[in-house]
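1. From the sequence below, what's the structure:
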Amino acid sequence: MRIPQTNVVAGKRDVIGYAFAINGKINSADVYASNALFTKLWPKLLKSTAVEAVGEKRSEKTFDAPAVTAVRRFIAEGKAGSARVKHSAQSSSMVERENDQAVYYGTEFKPVPPAVSSHSGAGAAAPPPPVQIHENYLAK
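-> So this is what the prediction gives:
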């Protein structure tokens, strides 16, 4: 299947993710750490989204796109639930959350704290907070 390329994100430096719906129902959403990462992945994301939509049962009915508030609620609710660390390494970890509506997967990069000189007299520096590289929300 050939998916036409789209420039819908071209020149939009504030775009870091997308959500898509099939037959009017939010299916999933992906959020990335940066516009550069998102735009690099966008053509493959678009193609995989189109393939998934084609695989769904067709409907003769037409559907409106979900409202922005519904997408925001979907993402907020997707983060609900207790976190389970699925994989952890020195510099990264993958977290999973699940609730009745969705499953959430988050990949974090854990920056290494700066080295503290023994001559500085200061205590150990607090580790920098993790950086969210990718968040994926899947509707059940």
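
2. Near residue 111, how many other residues are there?
-> By other C-beta atoms under 10 Å, 11 other residues sit near residue 111. The C-beta positions use only the backbone N, C-alpha and C, and glycine is treated the same way.

3. In this structure it contacts residue 131, no?
-> Yes: counting by C-beta atoms under 8 Å, residue 131 is a contact partner of residue 111 at 6.7 Å.

4. Excluding chain neighbours, what is closest to residue 18?
-> Nearest residue to residue 18, sequence neighbours excluded (C-beta to C-beta, 6 or more residues apart in numbering): residue 30, at 6.3 Å.

5. is it true that the one you found lies in a strand?
-> Yes: according to DSSP: H, G, I helix; E, B strand; the rest coil, residue 30 belongs to a strand.

6. List the residues that contact it.
-> 17-19, 45, 134-137 (C-beta atoms under 8 Å, 6 or more residues apart in numbering).

7. This structure: helices as residue ranges?
-> Counting by DSSP state H, the segments of the chain that form helices are 35-55, 68-78.

8. could you dump the ones you listed to JSON lines with distance to residue 26 and mean neighbour count?
-> What follows is these, written out as JSON lines (distance: least, C-beta to C-beta, whole Å; neighbours: other C-beta atoms under 10 Å):
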{"stretch": "helix 35-55", "distance to residue 26": "12", "mean neighbour count": "14"}
{"stretch": "helix 68-78", "distance to residue 26": "5", "mean neighbour count": "15"}
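
9. among these, which is nearest residue 103?
-> Proximity to residue 103, assessed across the helices of the chain by C-beta to C-beta, is greatest for helix 68-78 (7.7 Å).
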